[in-house]
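Novice: Need coordinates for the following:
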Amino acid sequence: YIWSRDYIDLVSEIGEYPGTPQDLVDTMDRLKPRLYSISSSPDAHLGEVHLTVAVVRYHHHDRDRMGLCSGWMAETVAKDTPDVPVFLSATKSFVLPEDPSTDIIMVGPGTGIAPFRAFLEQRECDGATGRNWLIFGDWTESDHYYYREQIEGWIESGLITQMTTAFSRDQEEKIYVQHRMMEHGSELWSWLSSGAVFYVCGDKSRMAKDVHQALIDIAKEHGGMTSEDAKHYIETKLMREEKRYLRDVY
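Specialist: Residues are numbered from 1 along each chain as shown. Model (predicted):
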């Protein structure tokens, strides 16, 4: 019952709250903060912080609903609102490699592209020589190719060495980022074998699991490993020991 419902549903369904308004307020939990990946480099945008936010909108239990924070930003916060409460939550692991010559592979479908835009802006500012491979996907190329102009400029300048897209609704058969990974399995394995760092950002419930399995399958197929060895390589050697498989999933 509780899943997908909120206090408005509760009060509406019981007709009258058995207590005072203050009693209701006193029972409420504090709101949990919403964490968004920063999608800009501080060196590329002095004094600015950019976010890439999808507004969650849906109809459920006879009522139109929105994501609490994304809806608030989209519908309530005016363009020039002076005070929006924010805080920084630093990450110690999901960062660029210290050696700018290290190759990186970035898998970021949907708003998961956010940290990788920041990464690419920073690599550009630093003059990093490592190769950059961006694997991005969403529903349609016409409506969901975020930062397209900037990305195409990076492809033209050579900052993005390889760009792979997966727009799931642009053809009859749905194609996702993990399918593109398998299609480019040989090359992806070559990058990993040469020391590339692999990043993934986005949906934890399905996408990240599918990408994880694709990595294991690639290690098995192109690394000549058994299923057990491939799983150990990805989950122990690459992720824990070498820390070259980094995830920011939610």
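
Novice: Do you have the helices of the chain handy? List them.
Specialist: 7-14, 21-27, 68-75, 114-126, 141-144, 148-157, 177-183, 185-193, 207-222, 227-232 (DSSP state H).

Novice: of all the ones you listed, which lies closest to residue 246?
Specialist: Residue 246 lies closest, by CB to CB, to one member of the helices of the chain: helix 114-126, at 10.0 Å. For the C-beta atoms, the positions are set from N, CA and C on the backbone; glycine is no exception.

Novice: what about dumping the CA coordinates of that closest one to PDB?
Specialist: Extracted in PDB, the C-alpha atoms of helix 114-126 (Å, rounded to 0.1, in the frame of the first residue of the first chain):
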ATOM      1  CA  ALA A 114      26.000  14.100 -16.900                       C
ATOM      2  CA  PRO A 115      29.300  13.300 -15.400                       C
ATOM      3  CA  PHE A 116      30.800  12.400 -18.800                       C
ATOM      4  CA  ARG A 117      30.100  15.800 -20.200                       C
ATOM      5  CA  ALA A 118      32.000  17.100 -17.200                       C
ATOM      6  CA  PHE A 119      34.800  14.600 -17.800                       C
ATOM      7  CA  LEU A 120      35.100  15.600 -21.400                       C
ATOM      8  CA  GLU A 121      35.100  19.300 -20.700                       C
ATOM      9  CA  GLN A 122      37.900  18.700 -18.100                       C
ATOM     10  CA  ARG A 123      39.900  16.500 -20.400                       C
ATOM     11  CA  GLU A 124      39.600  19.300 -23.000                       C
ATOM     12  CA  CYS A 125      40.800  22.000 -20.600                       C
ATOM     13  CA  ASP A 126      43.700  19.800 -19.400                       C
END
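
Novice: Please enumerate residues in contact with that helix?
Specialist: Contacts with helix 114-126, where a contact means CB atoms under 8 Å, 6 or more residues apart in numbering, come from 36-41, 43-45, 50-52, 94, 96, 100, 104, 106, 108, 128, 130, 132, 134, 136, 147, 150, 154, 159-160, 199, 201, 248.

Novice: on that earlier part again, how about the helices of the chain in JSON lines, adding distance to residue 57?
Specialist: Shown next, in JSON lines, are these (distance: least, CB to CB, whole Å):
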{"stretch": "helix 7-14", "distance to residue 57": "16"}
{"stretch": "helix 21-27", "distance to residue 57": "26"}
{"stretch": "helix 68-75", "distance to residue 57": "7"}
{"stretch": "helix 114-126", "distance to residue 57": "20"}
{"stretch": "helix 141-144", "distance to residue 57": "15"}
{"stretch": "helix 148-157", "distance to residue 57": "23"}
{"stretch": "helix 177-183", "distance to residue 57": "24"}
{"stretch": "helix 185-193", "distance to residue 57": "35"}
{"stretch": "helix 207-222", "distance to residue 57": "20"}
{"stretch": "helix 227-232", "distance to residue 57": "39"}
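
Novice: Would you format the ones you listed as TSV with mean neighbour count and mean pLDDT included?
Specialist: Converted to TSV, the helices of the chain look like this (neighbours: other CB atoms under 10 Å; pLDDT from 0 to 100):
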stretch	mean neighbour count	mean pLDDT
helix 7-14	12	84
helix 21-27	10	88
helix 68-75	15	90
helix 114-126	21	98
helix 141-144	12	96
helix 148-157	13	98
helix 177-183	19	98
helix 185-193	17	98
helix 207-222	19	98
helix 227-232	14	98
